[in-house]
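1. Whatever this is, show me its structure:
(2 chains)
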Amino acid sequence: MSSSLEKNMLILRSSDGEEFIVPEVVAVMSKAIKNMVEDECASNTIPVPNVDANILAMVIEFCKKHDESEAEAASDLKTFDSEFVNRGQEALYDLITAANFRDVKELLDALCQNVAEMIKGKSVHHIRIQFLGYQLFEILTSNFIWNIWCDRDFD
Amino acid sequence: MGDGFKIKLRRRADRKCVHGCGRSHIAPESSPSPSPSPSPSPSPSALSQQSCWANLPRELLLDIIHRIEVSQTLWPLRRDVVACAAVCRSWRETTKEVVRTPEQCGLLTFPISLKQPGPRDSLIQCFIKRERATSIYRLYLGLSPALSGDASKLLLAARKVRRVTNTDILISLAADDFSRASDTYIGKLRSNFLGTKLIIYDSQPPCDHAIQSNGRSHRKVYSKQQLSCRGPAGNYKVATISYELNVLRTRGPRRMMCTMHSIPISAIQEGGTAPTPSTFGTCFDEPFSPLLVSKGKNLVKFGFGSPAEPFESVHDTRDPLILKNKAPRWHEQLQCWCLNFKGRVTVASVKNFQLVAAVEAHQNVPAAEQEKVILQFGKIGKDIFTMDYCYPLSAFQAFAICLSSFDTKPACE
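-> As a prediction, this is how the structure comes out:
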């Protein structure tokens, strides 16, 4: 298969074995992959461990869009980003770790910004449930004073 | 009095609840905190997909909290930053790493910001509202009540209590709890009978430069003191304010002098720093701020100064900072004493003042520092005053100095 591969195309293999044929310019938006390509330590097929097909497809979609639309208006890209990151908790977490691990800066930026927006205006109780689950409740000192300081319940 | 009692009762009830509802993972704490409020309970779906985020790499959490910190700079939005620090220990440590001191960023974030020095190049602008009926003074962040509206951030409140031989002004973080036993009590101002000499007391011990510069290694030595200091609030002398007696009863501005025992003169010398407490000295879950560790430049001098250096020069840097009135000018046309408040004060009052550092030639303080107004206070309306302060004073110290001006002083006018 690799012999018939067009020039400047790479194959990315997800952790569960699915393969994606991706233009090199798109794949190298991941710094980690870029380094591998530059070091020429990669054959045509690049394994992407820790990232399953589902998430890898999303990351590729994001990178493709960003690659294509370099000429497009920045505002269009912004809308795309905000729609793209608007996902369920679990997908969001998998995406953010994948983006971090593969070092895809644009995606990581969009995701971190999205999580920051999710936290803004929320109660501590809400943040704990959303981000830590319900099992963890240390009582931290100074929360009593912070409640008064912020005129809000932080416990 | 009634309020303080009520709060105590409530907290006892809360603590009972914490122990009573059988959450075995809650460790008892030295400082009582109210139990979780009856917030909306989590939906089952939230419960099932819990905690994948708990393993979020630290650098990502840092990135996310940083994004919140830079966008939420105004109160009440800045509550979000405090909320992040209240989530759990690792979030708290990460948030503290992101949030800089008021000296570095000009913003107030945590209550401890009130005891940290203000910014060096700008003034933090606040206003004080006086409630005559109750003798309560409240300090808000913002330009004026008209501009910041009801959403103004309350920073501190103070209540005047007259005693037989003196007057106490108790300062609290809460709008209406002035009980000394409360966690919100942070200090007081005590004046003598005439109101000519006042002393500012802090409820927590001074944070010593030496402790900071040596960082963690010295912490153990002080941990005993830290343990004990959350009992009844202490009385640690921060400053002495004296008003000059006006024996001749001539009309004119008051003359005051503030000796800041807690701030060395070296704070305003080149490369100097002012003491910056990183916590209310209460607890062990508060990380020691790494920012402070690298700051004791002037201390290096202490330690490694050549032995030939005269003793006085070492002594000088330890001298307390002294603040004095900026002398007003007599305005011939208006026939009054004038100070330039740059639009922040609009009503003539004997209480208005600007403070600058009082330095002697041998103290080596740059000329710009000598000219700089460190604290200004003045009237803008009935029972409304502005208070602008900057480095090396903290909001608490600045507020206490301004409160001294409210104490009536028949002998000084």
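2. use CA for all of it now, contacts and neighbours both
-> Fine.
3. Quick check: residues of chain A near chain B?
-> Within chain A, the positions near chain B by C-alpha under 8 Å from any C-alpha of the partner chain are A:90, A:93, A:97, A:100, A:112-113, A:115-117, A:119-125, A:127-134, A:137-146, A:148-150, A:153-155.
4. Go through the residues you listed and flag which are in helices.
-> If you go by DSSP state H, the residues of chain A next to chain B have A:90, A:93, A:97, A:100, A:112-113, A:115-117, A:119, A:124-125, A:127-132, A:143-146, A:148-150 in helices.
5. hmm, which of those residues are the buried ones?
-> With burial judged by 16 or more other C-alpha atoms under 10 Å in any protein chain shown, the buried subset of those is A:93, A:97, A:100, A:112-113, A:115-116, A:119, A:124-125, A:127-132, A:143-146, A:148-150.
6. tell me the domain ranges of chain A?
-> Domain assignment for chain A by automatic domain parsing gives A:2-120, A:122-155.
7. Any idea how far the first one is from the middle of the chain?
-> Think domain A:2-120. 8 Å (C-alpha atoms, centre = their mean, to the nearest Å).
8. Could you do the last one as well?
-> Centroid separation for domain A:122-155 versus its chain: 27 Å, with C-alpha atoms, centre = their mean.
9. what is the rounded mean pLDDT of stretch B:170-177?
-> Mean per-residue pLDDT for stretch B:170-177: 92.
10. Tell me the span between the first and last residue of that stretch.
-> 10 Å (C-alpha to C-alpha, to the nearest Å).
11. which residue sits closest to residue 108, ignoring its sequence neighbours?
-> This is for chain A. Using C-alpha to C-alpha, 6 or more residues apart in numbering or on different chains and skipping residues adjacent in sequence, the residue nearest A:Leu108 is A:Ala99, 5.5 Å away.
12. try chain B instead
-> Per C-alpha to C-alpha, 6+ apart, closest to B:Leu108 is B:Pro102, 5.8 Å.
13. residues contacting that neighbour?
-> Residues counted as contacts of B:Pro102 (C-alpha atoms under 8 Å, 6 or more residues apart in numbering or on different chains) are B:Leu108, B:Ser113, B:Gln116, B:Pro117, B:Gly118, B:Pro119.
14. Would you convert those residues into a markdown table that also reports pLDDT?
-> Listed next are the contacts of B:Pro102 as a markdown table, based on pLDDT from 0 to 100:
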| residue | pLDDT |
| --- | --- |
| B:Leu108 | 95 |
| B:Ser113 | 95 |
| B:Gln116 | 96 |
| B:Pro117 | 97 |
| B:Gly118 | 96 |
| B:Pro119 | 96 |
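15. For chain A, give me the ranges with low pLDDT.
-> Counting by pLDDT under 70, chain A shows low-confidence ranges at A:1-7, A:41-42, A:70-72, A:134-139, A:154-155.
16. Find the closest residue to chain B in it.
-> Among the residues of chain A, A:Gly133 lies closest to chain B, at 3.8 Å counting by C-alpha to the nearest C-alpha.
17. Report how many residues lie close to the residue lying closest to B:Glu244 once chain neighbours are set aside.
-> Excluding its sequence neighbours, the residue lying closest to B:Glu244 (C-alpha to C-alpha, 6+ apart) is B:Arg255, at 5.5 Å. Residues contacting B:Arg255 under the criterion other C-alpha atoms under 10 Å in any protein chain shown number 17.
18. by contact count, what packs against the host helix or strand of B:Asp168?
-> Under the criterion of DSSP states H and E, B:Asp168 resides in strand B:167-172. Here strand B:167-172 touches strand B:153-162, strand B:185-191, going by 3 or more C-alpha pairs under 8 Å, 6 or more residues apart in numbering or on different chains; DSSP states H and E.
19. still on that earlier bit, who wins on neighbours among the contacts of B:Pro102?
-> Neighbour tally across these (other C-alpha under 10 Å): the maximum, 30 neighbours, falls on B:Gly118.
20. That one reaches B:Gln397, doesn't it?
-> No - proximity of B:Gly118 to B:Gln397 does not meet the contact threshold set by C-alpha atoms under 8 Å, at 10.5 Å.
21. Which of the domains of chain A has the highest mean neighbour count?
-> Counting by mean count of other C-alpha atoms under 10 Å in any protein chain shown, domain A:122-155 has the highest mean neighbour count of the domains of chain A, with a mean of 20.
22. confidence score at the residue nearest to B:Leu108?
-> On pLDDT, B:Pro102 comes in at 96.
23. Pull the number of nearby residues for B:Gln333.
-> Residues contacting B:Gln333 under the criterion other C-alpha under 10 Å number 6.
24. The nearest residue to A:Glu117 once chain neighbours are set aside: neighbour count?
-> Spatial nearest neighbour of A:Glu117, chain neighbours left out: B:Ile68 (7.7 Å); criterion: C-alpha to C-alpha, 6+ apart. Burial of B:Ile68 is recorded as 23 neighbouring residues (other C-alpha under 10 Å).
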